[in-house]
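Q: sequence-free structure coming up:
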């Protein structure tokens, strides 16, 4: 697992807020979603990330990893990235990513509070 809580990462956004999934046309993205260049995930692709705390579509975003979502029925992990210093509760994070995670058995690991 490459997960590094609190690590600063840059996400390249390929599914901006307000867009639809390229294959599943009814899947709307209410948040920015993308990948982290150069970090290979368990599925062999670059690491996917949800971006929380940004209320407009962006092409790229640098923030801190605040949580990881592990799927027990899929090989993928999703990182949750937010602006430095911005926090969310577990419930707020799960609600924000529900649009996609509702299709999987997911658990979330959050950073420990300082």
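A: Good, I have the coordinates. Just so it is clear, the structure is predicted and the values come from calculations on it, not from any experiment. Residues are numbered from 1 along each chain as shown.
Q: longest strand in this protein, please.
A: Assignment by DSSP state E gives strand 60-71 as the longest strand of the chain.
Q: what average pLDDT does that one get?
A: Average pLDDT, strand 60-71: 95.
Q: got it, and stretch 10-17?
A: Here the average pLDDT along stretch 10-17 is 97.
Q: work out which residue lies at the spatial centre of the chain.
A: For the chain, residue 50 is the residue whose C-alpha lies nearest the centre (C-alpha atoms, centre = their mean; 2.0 Å).
Q: element containing that one, please.
A: Residue 50 is part of strand 46-51, with elements assigned from DSSP states H and E.
Q: parallel or antiparallel, list what pairs with that strand.
A: Using DSSP bridges, the strands paired with strand 46-51 are strand 32-40 (antiparallel), strand 77-82 (parallel).
Q: sorry, back to before: so the residue nearest to the centre of the chain touches residue 78, yeah?
A: Yes. With contact defined as C-beta atoms under 8 Å, residue 50 counts as touching residue 78 (5.9 Å). Glycine gets a C-beta too; all of them are placed from N, C-alpha and C.
Q: okay, and the common contacts of those two?
A: Residues touching both residue 50 and residue 78 comprise 69, 97, with contact defined as C-beta atoms under 8 Å, 6 or more residues apart in numbering.
Q: ok, back up a step: tell me the confidence at the residue nearest to the centre of the chain?
A: 98.
Q: and if you look at residue 20?
A: For residue 20, the predicted pLDDT is 95.
Q: over to the one 3 residues further on?
A: Among the per-residue scores, residue 23 holds a pLDDT of 91.
Q: likewise residue 114?
A: Taking residue 114 on its own, its pLDDT is 40.
Q: before we move on, back to that, list the contacts of the strand holding residue 50.
A: Under the contact criterion C-beta under 8 Å, 6+ apart, strand 46-51 has outside partners 2, 9, 11, 13, 31-41, 58, 61, 63, 65, 69, 76-82, 96-97.
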